[in-house]
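Q: Mind looking at a prediction? Sequence and model below.
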Amino acid sequence: MPDIRKSISPNKEFDKNKLKERLTPTQYQVTQEHQTEKQFSNQYYKHREAGVYKCIVCGIDQFSSQTKYNSGSGWPSFYDVMDKQNIRCRKDASGVGGNLLRIIADPSLIRTEVSCKECGSHLGHVFEDGPKPTGQRYCVNSASLDFKADEVQGGDQDEPLLSCPATLGGCGGVDGVCQRVSKMAINNEESINNV
């Protein structure tokens, strides 16, 4: 029988006290306590420099600027990861406080958390409303990332930015509370855009 604990345990463990010294309070709260940073005012939301986004705790490459796009969510969004072997995904109902009646009424309230497989740090969530070719939206906290500029381009050039508005909600709201985007709001946006 496989050892379940081994399959969900990170490959590396870091001393929590040393992490508190090394990381900012927000970085620690996001990566170690699964908190969500404020939207629209975080470091990498509008960042367009060419390069790689790494896990702030262990330094493993997680996302490329080539897959970054504007979802309008207020957090950095990517339509793919650099290597699926570097992340771990699990179902997460924390946004509704485990309220079973709400979950039964609307199963889409259960999100999929994305964490670093190497160190277990919380990165964000993945939703199925992203652009092609994957259809995925990795909605990631800037506080969980460190950026390394592309040396070939010198990091000076901005990546062209694809825009694909999020439609499934997620961690909307300044307080990080999960919100579901109403279909009416989406239809109104589409009507406005088509005028």
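A: All right, it came through fine. Being a predicted model, the structure only gives us computed values, none of them experimental. Residues are numbered from 1 along each chain as shown.

Q: Show me the contact partners of the host helix or strand of Val114.
A: Element membership of Val114, judged by DSSP states H and E, is strand 111-116. Contacts to strand 111-116, defined as Cβ atoms under 8 Å, 6 or more residues apart in numbering, come from residues 10, 34, 55, 57-58, 60, 62, 86-93, 95, 121-127, 138, 140, 144, 170-171, 178. C-beta here means a position set from N, CA and C on the backbone, and glycine is covered the same way.

Q: Could I get the buried residue list for it?
A: For strand 111-116, the neighbour count (16 or more other Cβ atoms under 10 Å) marks 111, 113-116 as buried.

Q: who are the neighbours in contact with the most centrally placed residue in the chain?
A: Residue closest to the mean C-alpha point of the chain, counted by Cα atoms, centre = their mean, is Val140 at 2.0 Å. Contacts for Val140 (Cβ under 8 Å, 6+ apart) come out as 53, 62-63, 75-78, 114, 123-124.

Q: Can you pick out the most distant pair from those residues?
A: Largest separation among those by Cβ to Cβ: Gln62 and Trp75, giving 14.0 Å.

Q: Can you classify Phe63 as helix, strand or coil?
A: Following DSSP: H, G, I helix; E, B strand; the rest coil, the label given to Phe63 is strand.

Q: doesn't Gln32 make contact with Ser121?
A: Yes. Look at Ser121 against Gln32 with Cβ atoms under 8 Å: they come within range, at 7.0 Å.

Q: For these two, indicate the residue with more neighbours.
A: Ser121 (27 against 19; other Cβ atoms under 10 Å).

Q: got the contact list for the nearest residue to that one once chain neighbours are set aside?
A: Once flanking residues are discounted, Ser121 sits nearest to Thr31: 3.9 Å by Cβ to Cβ, 6 or more residues apart in numbering. Residues near Thr31 by Cβ under 8 Å, 6+ apart: 19, 23, 56-57, 121-123, 143-144.

Q: how about a cut-off of 7 Å?
A: 56-57, 121-122, 144 (Cβ atoms under 7 Å, 6 or more residues apart in numbering).

Q: Quick one: end-to-end distance for stretch 148-164.
A: Start-to-end span of stretch 148-164 (Cα to Cα, to the nearest Å) is 25 Å.

Q: Average pLDDT for it, rounded please.
A: Average pLDDT, stretch 148-164: 71.

Q: just for this protein, where's the confidence low?
A: 1-8, 98, 152-160, 168-195 (pLDDT under 70).

Q: Give the buried residues for the host helix or strand of the residue nearest to Ser121.
A: Using DSSP H and E, Thr31 falls within helix 25-33. Residues of helix 25-33 classed as buried by neighbour count (16+ other Cβ under 10 Å): 26-32.

Q: Off-centre distance for it?
A: 14 Å (Cα atoms, centre = their mean, to the nearest Å).

Q: how big is the angle separating the helix or strand just after that helix from strand 111-116?
A: Following helix 25-33 in sequence order, the next helix or strand is strand 51-55 (DSSP H and E). Here strand 51-55 points in a direction 100 degrees away from that of strand 111-116 (axes from the mean of the first three to the mean of the last three Cα atoms, to 10 degrees).
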